[in-house]
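Asks: structure, please.
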Amino acid sequence: MNTLKMMQRFATIALLAVALVSCDDEDPIVEPPVTSGLEVIEGDITASRSLDASKKYLLKGKVFVQAPAVLTIPAGTIIFGDKASKGALIINRGAQIMAEGTASSPIIFTSNAPVGYRNRGDWAGIVICGNADNNGNANSTIEGISATGTENGLYGPGAGTAINNQNSGTMKFVRIEFAGQELSPDNELNSLTMGSVGSGTTIENIVVTYANDDAYEWFGGYNNHKYLISYSAWDDDFDTDRGYSGKVQYGLVIRDANIADKSGSRAFEASSNSNASATPHSAAEFANITVVGPRVFASSINANYQAAAEVNSNSALKIYNSIMAGFPIGYRLNGAGATAAATGNLFFRNAANTAVSGGSTLPADFATTNLVLGDSASFVSQVWADAPSFSNFNPLLAGGSPLAASATPVAGFDAVTHVGAFGTAAPAGWFWGSAWIEFNTVNKVY
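Replies: From the prediction side, this is the model:
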């Protein structure tokens, strides 16, 4: 090989090495962020505004949508969050977001870092605030927001009566990528944070990838959801607190064996209020969730992983007909005073399927109302159609699996027979394989 060809080959290898930088590397961005050709959104939105899908937008700083304004985002719109200014979108009480994508033309919120250099925490995330109940203050400040006005970032009934059926808008077929920022210890913005959001709000078919803190967190409220995905979150996937009492059906959690938060990472972290007299207490219900934990993909995992589901004092979290696999602990009760329940679930490939602490007691019938299997890799191939791969996971049940027809329908949820989010084929509402689902968001060109 002559010298010129050798130099060309080394140059090509160097370029490929740069292009393959992982999302989880801590190296600084070596190319400038994407700003050219973007229309900037910043400051308060005080009058109703509609975006244009033919344009691309840059979210700079904390953008508050003030009541009674409505922010309308059409299908196919792309909004980049600015890292330098910690871009965030906050829907205040009484305002609305109308973000209705489609399965083939989703709305995308993502990082403005260059392709290949995007990383979790590149922008701050989306917050929706409402006037429904919570068990904190009537004017609570959402975690991660320093309220600078009379309404900015506040959630709860305020001076009036709680509006538990309030409509804060619609989000459908939306991707939220690389969001969440720690503003101070234990004071973080998540990818999607909801405070006292009412049941009139529609939020479904959402994909969160590479969350820097929690993928979804609820503080009080009664909003319901379907088709929620969390891929490679840093901390928790579904974090319920301060009296959240909605219903969530069909969810998929996929965890990276190497990535977990120092506070302890879980698929479900269920909290309420340590004060037993503070009501209403959290009573969220989840059905048909597939949790694919880190031990499904690797025998050695980040030491900060905790339980697939951890239920803390006074939370009445209920989980039905779900698959909970691949964590150090499958189901942990941590504190007395709650009426939590788990029935019809499959627990397997966990180092330990159950644990108790804080004065709690595991129900005596836990092993009979759930299918509790051992920590064997052989069970994995019996559950899923394909060998699990973190980068390309097929969540469909294996053909002939008894899990496809063993679920007992639960009141208040769609009556389906499969355990977990999927049967042997994807249910119609998932639109599996459509553009709204994308996991390789580090290298996606927008």
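Asks: and the next element down the chain from the worst-scoring helix or strand of the chain on mean pLDDT?
Replies: Lowest by mean pLDDT, DSSP states H and E among the helices and strands of the chain is helix 3-19, with a mean of 38. As assigned by DSSP states H and E, the chain's next helix or strand after helix 3-19 is strand 39-42.
Asks: packing partners of the helix or strand that that next one is followed by?
Replies: Next along the chain after strand 39-42, taking DSSP H and E as the criterion, comes strand 49-50. If you count contacts as 3 or more Cβ pairs under 8 Å, 6 or more residues apart in numbering; DSSP states H and E, strand 49-50 packs onto strand 70-74. No exception for glycine: its C-beta is placed from N, CA and C like everyone else's.
Asks: give me the sheet partners of the strand it packs on and which way each runs.
Replies: According to DSSP bridges, strand 70-74 has the following sheet partners: strand 49-50 (parallel), strand 96-100 (parallel).
Asks: select, out of those strands, the one closest to residue 34.
Replies: Of all the strands paired with strand 70-74, it is strand 96-100 that lies closest to residue 34, at 21.0 Å by Cβ to Cβ.
Asks: quick one: contacts of the closest one?
Replies: 65, 68-75, 77, 89, 91, 107, 128, 167-174 (Cβ atoms under 8 Å, 6 or more residues apart in numbering).
Asks: OK, contacts around residue 352?
Replies: Neighbouring residues of residue 352 by Cβ under 8 Å, 6+ apart: 328, 329, 330.
Asks: and with 6 Å instead?
Replies: residue 329 (Cβ atoms under 6 Å, 6 or more residues apart in numbering).
Asks: output the below-cut-off pLDDT ranges for the stretch 151-300 of the chain.
Replies: Scanning the stretch 151-300 of the chain for pLDDT under 70 picks out the ranges 183-186.
Asks: what segments of it are strands?
Replies: For the stretch 151-300 of the chain, applying DSSP state E, counting those that start in this stretch gives strands covering 154-155, 169-177, 181-184, 187-189, 192-195, 202-209, 216-219, 224-231, 238-241, 247-254, 268-270, 285-292.
Asks: now render these as a markdown table, adding distance to residue 50.
Replies: Supplementary listing: the strands of the stretch 151-300 of the chain in a markdown table, determined by distance: least, Cβ to Cβ, whole Å:
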| stretch | distance to residue 50 |
| --- | --- |
| strand 154-155 | 25 |
| strand 169-177 | 13 |
| strand 181-184 | 28 |
| strand 187-189 | 25 |
| strand 192-195 | 22 |
| strand 202-209 | 18 |
| strand 216-219 | 26 |
| strand 224-231 | 25 |
| strand 238-241 | 31 |
| strand 247-254 | 29 |
| strand 268-270 | 37 |
| strand 285-292 | 34 |
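Asks: can you tell which of these is closest to residue 115?
Replies: Using Cβ to Cβ, the strands of the stretch 151-300 of the chain put strand 169-177 closest to residue 115, at 12.3 Å.
Asks: nearest residue to residue 82 other than its sequence neighbours?
Replies: Excluding the flanking residues, the one nearest residue 82 by Cβ to Cβ, 6 or more residues apart in numbering is residue 60, at 4.6 Å.
Asks: spit out the contact partners of the one you found.
Replies: Contacts for residue 60 (Cβ under 6 Å, 6+ apart) come out as 40, 42, 82, 85, 87.
Asks: got the residues you listed as TSV, with pLDDT, neighbour count and distance to residue 403 columns?
Replies: Shown next, in TSV, are these (pLDDT from 0 to 100; neighbours: other Cβ atoms under 10 Å; distance: Cβ to Cβ, whole Å):
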residue	pLDDT	neighbour count	distance to residue 403
40	98	14	49
42	97	14	49
82	96	24	44
85	93	15	47
87	95	28	42
